[in-house]
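*Asks:* Give me coordinates for this.
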Amino acid sequence: EITFVPAGHLLGAAHVLIAVTENGETKKIGFSGDIGRANYPLHIDPQPFPEVDYLICETTYGNRIHADKDSPMDALGKVIKETCIDRPGRLIIPAFSVGRTQAVLYTLNKLIEERNFPAVRVFTDSPMGRSSTKIYSKYLSYLNPEAREFHKENDELFDVDNLIFLQTEKESKAIRDYREPCIIISSSGMISGGRVEQHIADNISNSYATILLIGYSAEGTLGRQLLAGADVIVVKDREYKVNAQIRKIDVFSGHADQTGLLDFVKQQSPKKLKKVFLSHGEEESMLEFSSILNGLGFNEVILPLKEETFEL
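*Replies:* Down below sits the predicted model:
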């Protein structure tokens, strides 16, 4: 038997509970997938997960706590004001097409509707982002109560004033000549491929531009280089001097942090849970999270190697 439990990470995302009965004995295996975070724009909170015999748990933020204490509206509103309202700048937001782009558009819409923010021109440059936004609009019942109430009052979640969805590469390249303050939302979120690379190349040397990182950037990506304070970056074999402002907020990160991950695992009994397998995290993240779990009485914590197999 397979049971899906809402995980809160993306629209319809679910943990998976597998119950296998063989020779009269039932074993239960839990797979976390990506664990969402509480009070996230649009998405529901992760739901309680039943007790299992074996648990596979992600560790993206196994060694980190989300730093921002501001609300998404406060955090994003501050950067927009500093970049596009107080001065005629350009705000580039690398964002994953599914989940992150919709959360940003929804927050922009709330800033305009609820705080009377000026409707700065917004370009969303991701065909997949547009398709995903339509899906989010279609399945409103899967969203959190706040988002459903906002839709009820305003008839629209994502239709920000002055919003333009860019489809073709020609349209994407054309906005480099747009001279008014604007916001460009484009994938990928880590700046590793996708159209956002060209937007970074076009704006990274502009001191009036701000690059806003809103999520996790893996080792080796342009996003990680910018967060590390690189003075020069290379995009498609060409060097660019970094004059733009580099900012980071983590209120739009779709992953639970260390506290959220611990909350997920602590729904299990250390006496009943036979093994915990850690996945989806960098080594230092897994090692720290493993150590914490050991201290909580979870003694069988395993960091699987590639292609390693286990008989349960």
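
*Asks:* where exactly do the helices run in the stretch 51-200 of the chain?
*Replies:* 72-80, 100-115, 127-138, 145-154, 169-174, 196-203 (DSSP state H, counting those that start in this stretch).

*Asks:* Check the stretch 201-312 of the chain too.
*Replies:* 222-227, 258-265, 283-295.

*Asks:* among those, which is nearest residue 136?
*Replies:* Of all the helices of the stretch 201-312 of the chain, the one in closest proximity to residue 136, counting by C-beta to C-beta, is helix 258-265 (22.3 Å). Any C-beta I mention is one placed from the backbone N, CA and C, and that applies to glycine too.

*Asks:* hmm, back to that, would you reformat the helices of the stretch 201-312 of the chain as a markdown table and include distance to residue 179, mean neighbour count and mean pLDDT?
*Replies:* Formatted as a markdown table, these follow (distance: least, C-beta to C-beta, whole Å; neighbours: other C-beta atoms under 10 Å; pLDDT from 0 to 100):
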| stretch | distance to residue 179 | mean neighbour count | mean pLDDT |
| --- | --- | --- | --- |
| helix 222-227 | 24 | 20 | 94 |
| helix 258-265 | 43 | 19 | 97 |
| helix 283-295 | 43 | 16 | 97 |
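
*Asks:* With residue 9 as the reference, name the closest of the helices of the stretch 51-200 of the chain.
*Replies:* The nearest among the helices of the stretch 51-200 of the chain, by C-beta to C-beta, is helix 100-115 at 10.9 Å.

*Asks:* Can you check what angle separates the closest one from helix 145-154?
*Replies:* When axes from the mean of the first three to the mean of the last three C-alpha atoms, to 10 degrees is applied, the directions of helix 100-115 and helix 145-154 differ by 60 degrees.

*Asks:* Now do helix 100-115: distance to the chain's middle.
*Replies:* 15 Å (C-alpha atoms, centre = their mean, to the nearest Å).
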